[in-house]
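Colleague: Show me how the following folds:
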Amino acid sequence: MTGNIYQSLGLKRVINACGKMTILGVSSVPASVMAAVAQAAGSFVEIDALVDCVGERVSQYTGAQDSYVTSCATAGIAIAVAAAVSRGEPDRVAQLPDSSGMANQIVMLRGHNVDYGAPVTSAIRLGGGRVVEVGQSNLAYRWQLEKAINEQTAGLFFVKSHHAVQKGMLMLDTFVAVARSHRLPLIVDAAAEEDLRCYVAAGADMVIYSGAKAFNAPTSGFVSGGKHWIAWCKAQHNGIARAMKIGKENMVGLVKALELYQQEQPASAEALRPAVAAINALSGFTADIEQDEAGRAIWRIRIATDAARLGLSAREVVDLLHEGEMAIYPRCYQLHQGVFSLDPRTLAAEELNIIIDRLAEIAEKQGGAYATY
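Modeller: Numbers count the residues shown, from 1 in each chain. Below is the predicted model of the structure:
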């Protein structure tokens, strides 16, 4: 078993088949990106000039007028909300997150009130926003969105995520139309999204991305959008954003990662078929290919367990994958249905074969005494 820096600290090896998840370290950063990080860390620079320069570079990829780099996507949400509430006024910036006396209501769909490890509403409140939910958990209408807007409304908030309810929700174009008709900013949380341009092109005023998720950058995030909105995001550096600042080295790493990302070819479903066939040959497991829950061009291997034949539930299989010196983490959002998935984006070349071998071992034992790595 090949070790890495974490094994030298006494930690177990992790095979991440779950996806770009914060709890597993988000993503694997390419060596060329880390080389740029190391170079940047060894020199001094005027930070304000670097922030502006990085914003310009990021905007070349998003098509926005400007961008502001942050420590992470959650910070981006808080900063974008603060921009909507304070409008960049220095006294208001200094007062946040106390938004007393300001228009501070942020309107969002109830089905978009998600928890991604922390409630999205926590980030909104950090920016001084007061959440106003619209609709029910599984259904919302435009008239409900319109009726929620009043003189205390600071902006609209739209979440694009696999965590959010996918059916019965208002679409982005409705939010754009309503925001424009009321002359309010539309903030889009696109933290894990891979399309850098579509939300800006659709008319969102501030779009938040995680640099460390889809783009394999070091810990970072950014807000991309209209010039005056981004200027008001930058103004938060004298307020709440001071606690959310990003170092010079990770700014440079983000730029390099985005450069590499533009050169990448998306993985195809066809590349997964040999692995699917190998899993289907195992007793107690049935595999096929599924698309991402939120409709992104991401393809995964979906594995159903036959509890009667295997003598184990899907949850028990996953528990076994977690055990031992080498922990394998599949995607577990459908465990209650006897299903888990493998996300190939976070797997090294040989790791998918290691997972298949481990599943073969479990199938052969059929609920007996299991060997561990």
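Colleague: shaky segments in the stretch 201-350 of the chain?
Modeller: Of all residues in the stretch 201-350 of the chain, those with pLDDT under 70 make up the ranges 265-266.
Colleague: how close does residue 112 sit to residue 178?
Modeller: Distance of residue 112 to residue 178, given as C-beta to C-beta, to the nearest Å: 14 Å. C-beta coordinates here come from the backbone N, C-alpha and C atoms, glycine included.
Colleague: And the two? Which one has more around it.
Modeller: Counted by other C-beta atoms under 10 Å, residue 112 and residue 178 do not tie: residue 112 has more neighbours, with 22 against 19.
Colleague: pLDDT score assigned to the residue nearest to the more buried one when sequence neighbours are not counted?
Modeller: Leaving aside its chain neighbours, residue 112 sits nearest to residue 159 (3.8 Å; criterion: C-beta to C-beta, 6 or more residues apart in numbering). On pLDDT, residue 159 comes in at 98.
Colleague: can you check residue 22 too?
Modeller: In this model, residue 22 carries a pLDDT of 88.
Colleague: name the element the closest residue to it other than its chain neighbours belongs to?
Modeller: Closest residue to residue 22 apart from its sequence neighbours, by C-beta to C-beta, 6+ apart: residue 117 at 5.6 Å. For residue 117, there is no enclosing helix or strand under DSSP states H and E.
Colleague: residues contacting the nearest residue to residue 307 once chain neighbours are set aside?
Modeller: Spatially, and ignoring its direct neighbours in sequence, residue 307 is nearest to residue 313 (5.1 Å; C-beta to C-beta, 6+ apart). By C-beta atoms under 8 Å, 6 or more residues apart in numbering, the contact list for residue 313 reads 305, 307, 338.
Colleague: hmm, back to that, tell me, how many residues neighbour the residue nearest to residue 112?
Modeller: The local packing of residue 159 (other C-beta under 10 Å) involves 23 other residues.
Colleague: try residue 158
Modeller: Neighbour count of residue 158, defined by other C-beta under 10 Å: 26.
Colleague: and it, how far is that from residue 253?
Modeller: Counting by C-beta to C-beta, the gap from residue 158 to residue 253 is 28 Å.
Colleague: Same check on residue 36?
Modeller: 6 Å.
Colleague: Likewise for residue 287?
Modeller: Going from residue 287 to residue 253 by C-beta to C-beta gives 36 Å.
Colleague: the more surrounded of the two?
Modeller: More neighbours surround residue 253 than the other of residue 287 and residue 253, with 31 against 23 (other C-beta under 10 Å).
Colleague: Name the nearest residue to residue 57, ignoring sequence neighbours.
Modeller: Closest to residue 57 by C-beta to C-beta, 6+ apart is residue 255, at 5.0 Å.
Colleague: Flag the shaky bits of the stretch 51-200 of the chain, pLDDT-wise.
Modeller: Within the stretch 51-200 of the chain, no stretch has pLDDT under 70.
Colleague: what are the ranges of the strands in it?
Modeller: 66-70, 105-109, 130-134, 153-159, 186-189 (DSSP state E, counting those that start in this stretch).
Colleague: Quick one: the strands in the stretch 201-350 of the chain, in order.
Modeller: Using DSSP E, counting those that start in this stretch, strands in the stretch 201-350 of the chain cover 206-210, 221-225, 285-291, 299-305, 326-330, 339-342.
Colleague: before we move on, back to that, ok, which of the strands of the stretch 51-200 of the chain comes nearest residue 227?
Modeller: strand 66-70 (4.9 Å; C-beta to C-beta).
Colleague: ok, residue 124 - how many residues close by?
Modeller: The burial count for residue 124: 27, using other C-beta under 10 Å.
Colleague: That one is in contact with residue 131, isn't it?
Modeller: Yes - look at residue 124 against residue 131 with C-beta atoms under 8 Å: they come within range, at 5.6 Å.
Colleague: which residues do the two both contact?
Modeller: Residues touching both residue 124 and residue 131 by C-beta under 8 Å, 6+ apart: 106, 108.
Colleague: With respect to burial, which of the strands of the stretch 51-200 of the chain scores highest?
Modeller: Comparing those by mean neighbour count (mean count of other C-beta atoms under 10 Å), strand 186-189 comes out on top with a mean of 29.
Colleague: For it, C-alpha coordinates in PDB please.
Modeller: Taking C-alpha atoms only, strand 186-189 is exported to PDB below (Å, rounded to 0.1, in the frame of the first residue of the first chain):
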ATOM      1  CA  LEU A 186     -30.000  38.100  -7.500                       C
ATOM      2  CA  ILE A 187     -27.300  36.000  -5.700                       C
ATOM      3  CA  VAL A 188     -26.700  32.500  -7.000                       C
ATOM      4  CA  ASP A 189     -25.000  29.900  -4.800                       C
END
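Colleague: Number the chain from 57, please
Modeller: Done: numbering now begins at 57, and the last item shifts to strand 242-245.
Colleague: what does it contact?
Modeller: For strand 242-245, the external contacting residues (C-beta under 8 Å, 6+ apart) are 129, 133, 136-137, 140, 162, 176, 211-217, 228, 231-232, 235, 255, 259-264.
Colleague: 6 Å - rerun?
Modeller: 133, 136, 211-215, 231, 235, 255, 260-264 (C-beta atoms under 6 Å, 6 or more residues apart in numbering).
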